[in-house]
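Visitor: with the sequence up front, the predicted model follows.
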Amino acid sequence: MSWSFSIGSISGIRIRIHLTFALFFIWIGAAFWNEGGMAAMANGLAYILLLFLCVVLHEFGHILTARRFGSQTLDVVLLPIGGVARMKCIPEKPGQELAVALAGPGVNLVIAAVLFILLGSQTIMQDVAQPAKNVSLLSQLAVANIALAVFNLVPAFPMDGGRALRACLSYRMDRAAATKLATRIGHILAFGFGLFGFVSGYPLLMLVALFVFMGASAENNSTQLHQLARRLRVSDAMITQFSTLPVTSRIADAVALLIHSTQHDIPIVDGVGKPIGLLTRARLLRALHDLGADGQVADVMRTDVPTVSDRAELEDALRLMDEENFPAVMVADQRGHLIGMVTLENLDQMLLLARLQPRE
């Protein structure tokens, strides 16, 4: 994920912090400092760190359960709203998806149960009845883990409850139909959250509603796209009208192509037309700023973008793009010559056209 940086790894899985989380952490520290000085800031930051440790454990509940079913995880990104485990693929069998979805909230409930046993339920209930500044750190953590579990079990994407709902629906219908129904339920809940937040004067709840609505829509689009891709080959979806640049080109040549066309990703080819790299719009703009117009595209192109056969399954190409966050994949014929590209933009257009076609 862009705008994030790695702070280490656990069991081979990178833990990354998004820039917004770092800014959120600084803001929380400043707020506690203004409220009660150094002691309040230290206590508040300790609580936030422990809370996000629980979030990491929550994500590893998903990760370790998914690993049992053969699904690998690329990384975990910490955001102000929680954590996101980026998996190569989510198990699609209903029982497996249900187990993975419930594992995260289950971890939070276990943490809460341990804290209730250690501190005693009566102590925690007495603590939370006091003003917030007087509640002990561990009591706050126990209550927060219950809140995390309950929030994540709301039956709407992208929360765990939405995936659990889809898994249950998938026992009675196919995955695409289950996703569509779960998305509708998520949209209804999002509308309810937003309306209640507006009437009650809780802007945070309105932001949660927007997050739920967008997350549900994104999950539905992703599932439908994968369902569509399973019926097609790369040749059915690839772009065939595009421009390339030789590896000897300068940044100025790429800028001219960017200005005079709608193409964002430029394949870089060798002397015989075989792809050796991809120059994305973001890299081009950065290179223009750092190296100037006389810089070489060979110095800034991405060389890790895969090349697939035009006869390959489209879903395999889409999975490659999802797993490694590639903006596109290049398509070559049997001789290795570039004949097409598959980009996120043309896949989205293909999905839109498929939706507009009348059903038989």
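Guide: Nice, thanks for sending it over.

Visitor: quick check: which ranges of the stretch 201-350 of the chain have low pLDDT?
Guide: By pLDDT under 70, the stretch 201-350 of the chain contains no weakly predicted segment.

Visitor: helices of that one, residue ranges please.
Guide: Assigned helices in the stretch 201-350 of the chain, in chain order: 203-229, 234-237, 251-259, 281-291, 314-324, 344-356 (criterion: DSSP state H, counting those that start in this stretch).

Visitor: format these as JSON lines; extra columns: distance to A40 and mean neighbour count.
Guide: Any C-beta I mention is one placed from the backbone N, CA and C, and that applies to glycine too. Rendered in JSON lines, the data for those read as follows (distance: least, C-beta to C-beta, whole Å; neighbours: other C-beta atoms under 10 Å):
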{"stretch": "helix 203-229", "distance to A40": "22", "mean neighbour count": "18"}
{"stretch": "helix 234-237", "distance to A40": "56", "mean neighbour count": "18"}
{"stretch": "helix 251-259", "distance to A40": "51", "mean neighbour count": "16"}
{"stretch": "helix 281-291", "distance to A40": "41", "mean neighbour count": "15"}
{"stretch": "helix 314-324", "distance to A40": "43", "mean neighbour count": "18"}
{"stretch": "helix 344-356", "distance to A40": "46", "mean neighbour count": "13"}
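
Visitor: what's the closest of those to I17?
Guide: With C-beta to C-beta, the closest approach to I17 among the helices of the stretch 201-350 of the chain belongs to helix 203-229: 19.2 Å.

Visitor: follow-up on the earlier one: I'd like the helices of the stretch 201-350 of the chain laid out as a markdown table, including distance to D270.
Guide: Conversion of the helices of the stretch 201-350 of the chain to a markdown table gives the following (distance: least, C-beta to C-beta, whole Å):
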| stretch | distance to D270 |
| --- | --- |
| helix 203-229 | 30 |
| helix 234-237 | 22 |
| helix 251-259 | 16 |
| helix 281-291 | 19 |
| helix 314-324 | 22 |
| helix 344-356 | 25 |
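
Visitor: out of the ones you listed, the one nearest T244 is which?
Guide: helix 251-259 (9.2 Å).

Visitor: okay, the angle between that closest one and helix 281-291?
Guide: Following axes from the mean of the first three to the mean of the last three C-alpha atoms, to 10 degrees, one obtains 140 degrees for the angle between helix 251-259 and helix 281-291.

Visitor: how's this protein carved up into domains?
Guide: Under the assignment automatic domain parsing, the domains of the chain span 1-153, 159-229, 234-356.

Visitor: comparing those domains, which comes out most buried?
Guide: With neighbours defined as mean count of other C-beta atoms under 10 Å, the domains of the chain peak in mean count at domain 159-229, which reaches a mean of 18.

Visitor: in this structure A142 contacts L119, no?
Guide: Yes. Judged on C-beta atoms under 8 Å, A142 makes contact with L119 at a distance of 6.9 Å.

Visitor: ok so V84 is a strand residue?
Guide: Yes. With DSSP: H, G, I helix; E, B strand; the rest coil as the criterion, V84 is assigned to a strand.

Visitor: quick check: bridge partners of the spatially closest residue to it that is not a sequence neighbour?
Guide: Setting aside the residues directly before and after it, V84 is nearest to V77 in space (C-beta to C-beta, 6 or more residues apart in numbering), at 4.9 Å. Applying DSSP bridges to V77 yields these beta-bridge partners: R16, V84.

Visitor: any idea how far V77 lies from H264?
Guide: Note on V77: its distance to H264, by C-beta to C-beta, to the nearest Å, is 24 Å.

Visitor: with M173 instead?
Guide: M173 sits 38 Å away from H264 when distances are taken as C-beta to C-beta.

Visitor: hmm, back to that, quick check: which of the helices of the stretch 201-350 of the chain is nearest to W33?
Guide: Distances from W33 to each of the helices of the stretch 201-350 of the chain were compared using C-beta to C-beta; the shortest belongs to helix 203-229, at 21.8 Å.

Visitor: ok now that closest one, how far from the chain's centre?
Guide: Helix 203-229 has its average C-alpha position 11 Å from the chain's average C-alpha position, going by C-alpha atoms, centre = their mean, to the nearest Å.

Visitor: relative to helix 344-356, how tilted is that helix?
Guide: Using the same axes, to 10 degrees, helix 203-229 lies at 80 degrees relative to helix 344-356.

Visitor: and helix 203-229, what does it pack against?
Guide: Counting by 3 or more C-beta pairs under 8 Å, 6 or more residues apart in numbering; DSSP states H and E, the packing neighbours recorded for helix 203-229 are helix 160-169, helix 175-200, helix 314-324, helix 344-356.

Visitor: roughly how far apart are G120 and V331?
Guide: In this structure, G120 and V331 are 64 Å apart, going by C-beta to C-beta.

Visitor: could the helices and strands packed on helix 203-229 go into a markdown table alongside distance to E97?
Guide: What follows is these, written out as a markdown table (distance: least, C-beta to C-beta, whole Å):
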| stretch | distance to E97 |
| --- | --- |
| helix 160-169 | 4 |
| helix 175-200 | 9 |
| helix 314-324 | 17 |
| helix 344-356 | 22 |
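
Visitor: relative to A229, which of these is closest?
Guide: It is, among the helices and strands packed on helix 203-229 and with distance given as C-beta to C-beta, helix 314-324, at 4.1 Å.

Visitor: just checking, what packs against that closest one?
Guide: Under the contact rule (3+ C-beta pairs under 8 Å, 6+ apart), helix 314-324 is packed against helix 203-229, helix 234-237, strand 307-309, strand 328-332, strand 338-343.

Visitor: and the pLDDT at the residue lying closest to N220 once chain neighbours are set aside?
Guide: Counting by C-beta to C-beta, 6+ apart, the nearest residue to N220 once its immediate chain neighbours are dropped is T183, at 4.1 Å. At T183 the predicted local distance difference test score is 92.
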